[in-house]
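Trainee: Provide a 3D model corresponding to the input given below.
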Amino acid sequence: MASELFPGENVLAYDVTSPLDTDYYAVFADVGGPDRAQWSRAREVGEALAPRMAEAWDRAEYPLEALTALGEADLYADGVDHPGVTPMSPLAAGLVNMELSRVDGSLGTILAVQGGLALRTLALFGSPEQQERWMGPLSRGEVPGAFALTEPDHGSDSTSLETTARWSDDGWVLRGAKKWIGNGASGGVTFVWARIDRADDPDHGQVRCFLVEQDTPGYTGTVITGKLSLRGIHQAHIALDDVRVGADAVLPGAHSFKDASTVLFATRSGVAWSALGHATACYEAALAYAGQRVQFGRPLARFQMVQERLTQMLSQLTAMQLYCRRLAELEASGALRPTQASLAKYHNTRTARDIARTARDLLGGNGILLENRVMQHLADIEAIHTYEGTESVQALLIGRDITGMGAFV
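Mentor: Numbers count the residues shown, from 1 in each chain. Sure, this is the predicted structure:
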């Protein structure tokens with residue numbers, strides 16, 4: 001629309017929460033077919049859920065109807081290759097993650113937990129019987145799925161996990177604790193990683209995975225309160241007090257911590273895409289606001305300092321898009337190395353933090369209002385910057401790869 005103050009000039013008049021489809025280098029312009037359809041479906045369901053998710057974030061509630069809605073939209077495949085699961089390319093999986101995170105970070109995390117972690121674990125390592133029982137309910141979002149690896153005393157050093165699985169009579173007894181487990185107190189199933197304590201077992205001392213229904217006696221999931229990030233999904237502290245499960249609860253394909261790492265490696269790419277979604281939302285909110293907000297008799301967009309900041313943000317966002325597109329190409333070709341995924345996660349979460357801070361500053365006092373979303377994204381980025389491997393751990397993984405020398409303790 002033309003500005004009343006400056007006739008003939010274009011002044012943006014968008015809602016700061018509406019997508020502008022920023023793609024300055026046309027990185028995603030050629031996306032079509034099933035990939036485009038899945039991306040569009042993610043936008044449709046995400047926009048429909050946006051008001052409820054904003055309310056949930058404000059109240060620190062977990063609307064399980066969002067989990068179901070993503071399942072009904074068939075968005076949990078996340079590149080999982082399994083009969084009965086709709087194929088989704090690495091590019092489509094990334095775009096879906098990006099789109100949901102642009103709408104709301106908690107939605108992106110629901111996707112990552114349910115599809116990227118729980119469903120992928122079952123598809124990779126589960127028995128035919130386990131898959132027959134649970135693949136459908138998990139992929140449809142009918143049953144919440146959790147991935148329990150992190151412990152109160154073991155986050156970055158999760159290889160040192162202390163939860164044990166002891167053989168007793170005709171089954172396993174799980175004992176220990178887990179922390180920061182998405183969906184861990186939502187009434188579904190949890191994939192618990194535990195160290196085998198059975199002298200006559202060839203996997204004695206190794207880490208294996210167990211499928212545990214959350215209503216099993218001895219399993220207690222407590223929602224973590226006081227959380228100031230990703231407030232629209234619950235994470236749990238889990239206590240495992242002699243949880244008894246049958247011999248068929250163990251996932252036969254998982255025999256070591258390397259198997260858990262396989263799942264985490266696959267989801268690391270998703271974090272880079274999620275960061276891109278958050279950053280896109282922040283940049284577009286800042287751009288729209290700059291065109292609407294009038295100060296000192298002119299829209300902010302006419303000020304040199306504002307244009308320079310918007311240009312800086314755009315350059316950073318474009319770099320993030322290029323990282324993600326190349327990441328998807330490498331993954332599709334089977335050539336993606338774990339440290340390449342680490343580099344994308346390292347770069348994109350750091351860059352998203354910068355973009356969010358700049359956007360929040362550009363919106364001035366209005367930047368802290370939930371309705372403008374920037375502060376919410378800024379807070380949510382702090383969580384994804386940490387999960388699936390902290391910045392320091394990613395740097396050490398990359399550093400070992402490029403120098404040939406490990407700097408881990």
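Trainee: any idea which helix or strand comes after the helix or strand residue 123 falls within?
Mentor: Element membership of residue 123, judged by DSSP states H and E, is helix 120-125. Where DSSP H and E defines the elements, the next helix or strand beyond helix 120-125 is helix 128-139.
Trainee: Do a quick rundown of the strands in the stretch 1-150 of the chain.
Mentor: Secondary structure of the stretch 1-150 of the chain by DSSP state E, counting those that start in this stretch: the strands cover 145-148.
Trainee: In it, where is pLDDT below threshold?
Mentor: Counting by pLDDT under 70, the stretch 1-150 of the chain shows low-confidence ranges at 1-18.
Trainee: quick one: the helices in it?
Mentor: 33-59, 64-72, 90-103, 105-111, 120-125, 128-139 (DSSP state H, counting those that start in this stretch).
Trainee: re the thing from before, and the contacts of the helix holding residue 123?
Mentor: Residues outside helix 120-125 that contact it (C-beta atoms under 8 Å, 6 or more residues apart in numbering) are 78-82, 85, 130-131, 134-135, 138, 145, 147, 191, 209, 211, 251-254, 259, 262-263, 266-267. Just so you know, the C-beta spots here come from the backbone N, C-alpha and C atoms, and that holds for glycine as well.
Trainee: Give me the buried entries from those residues.
Mentor: Neighbour-count burial (16 or more other C-beta atoms under 10 Å) is assigned, among these, to 78-80, 82, 85, 130-131, 134-135, 138, 145, 147, 191, 209, 211, 251, 253-254, 259, 262-263, 266-267.
Trainee: ok, back up a step: out of the helices of the stretch 1-150 of the chain, flag the one nearest residue 315.
Mentor: For residue 315, the closest of the helices of the stretch 1-150 of the chain is helix 90-103, at 18.3 Å, according to C-beta to C-beta.
Trainee: what's the angle from the closest one to helix 64-72?
Mentor: 160 degrees (axes from the mean of the first three to the mean of the last three C-alpha atoms, to 10 degrees).
Trainee: Keeping just the C-alphas, turn helix 90-103 into PDB.
Mentor: The C-alpha trace of helix 90-103 is given here as PDB (Å, rounded to 0.1, in the frame of the first residue of the first chain):
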ATOM      1  CA  PRO A  90      14.900 -35.300   3.700                       C
ATOM      2  CA  LEU A  91      14.000 -32.000   2.000                       C
ATOM      3  CA  ALA A  92      10.300 -32.400   2.800                       C
ATOM      4  CA  ALA A  93      11.000 -33.500   6.400                       C
ATOM      5  CA  GLY A  94      13.200 -30.400   6.800                       C
ATOM      6  CA  LEU A  95      10.600 -28.000   5.300                       C
ATOM      7  CA  VAL A  96       7.900 -29.400   7.500                       C
ATOM      8  CA  ASN A  97      10.100 -28.900  10.500                       C
ATOM      9  CA  MET A  98      11.000 -25.400   9.400                       C
ATOM     10  CA  GLU A  99       7.300 -24.500   8.800                       C
ATOM     11  CA  LEU A 100       6.000 -25.800  12.100                       C
ATOM     12  CA  SER A 101       8.900 -24.100  14.000                       C
ATOM     13  CA  ARG A 102       8.100 -20.800  12.200                       C
ATOM     14  CA  VAL A 103       4.600 -21.000  13.500                       C
END
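Trainee: Quick one: work out the angle between it and helix 33-59.
Mentor: Counting by the same axes, to 10 degrees, helix 90-103 lies at 30 degrees to helix 33-59.
Trainee: on contacts alone, who are the packing partners of helix 90-103?
Mentor: Secondary-structure packing of helix 90-103 (3 or more C-beta pairs under 8 Å, 6 or more residues apart in numbering; DSSP states H and E): helix 33-59, helix 105-111, helix 257-292, helix 304-333.
Trainee: What separation is there between residue 97 and residue 57?
Mentor: 18 Å (C-beta to C-beta, to the nearest Å).
Trainee: quick one: which of these two has more around it?
Mentor: Of the pair residue 97 and residue 57, residue 97 is the one with more neighbours under other C-beta atoms under 10 Å, namely 31 against 22.
Trainee: distance of the more buried one from residue 79?
Mentor: Using C-beta to C-beta, one gets 10 Å for the distance from residue 97 to residue 79.
Trainee: cool, residue 93 as well?
Mentor: The span separating residue 93 from residue 79 equals 5 Å under the rule C-beta to C-beta.
Trainee: Same question for residue 310.
Mentor: Remark: distance between residue 310 and residue 79 (C-beta to C-beta) = 34 Å.
Trainee: now do residue 179
Mentor: Residue 179 sits at a distance of 27 Å from residue 79 (criterion: C-beta to C-beta).
Trainee: for residue 307, same thing?
Mentor: 39 Å.
Trainee: same deal with residue 242?
Mentor: Separation of residue 242 from residue 79 (C-beta to C-beta): 37 Å.
Trainee: now residue 289
Mentor: Applying C-beta to C-beta, the value for residue 289 to residue 79 is 35 Å.
Trainee: likewise residue 132?
Mentor: To residue 79, residue 132 is 21 Å away according to C-beta to C-beta.
Trainee: same question, residue 68
Mentor: 21 Å.
Trainee: and what of residue 198?
Mentor: Distance from residue 198 to residue 79, by C-beta to C-beta: 34 Å.
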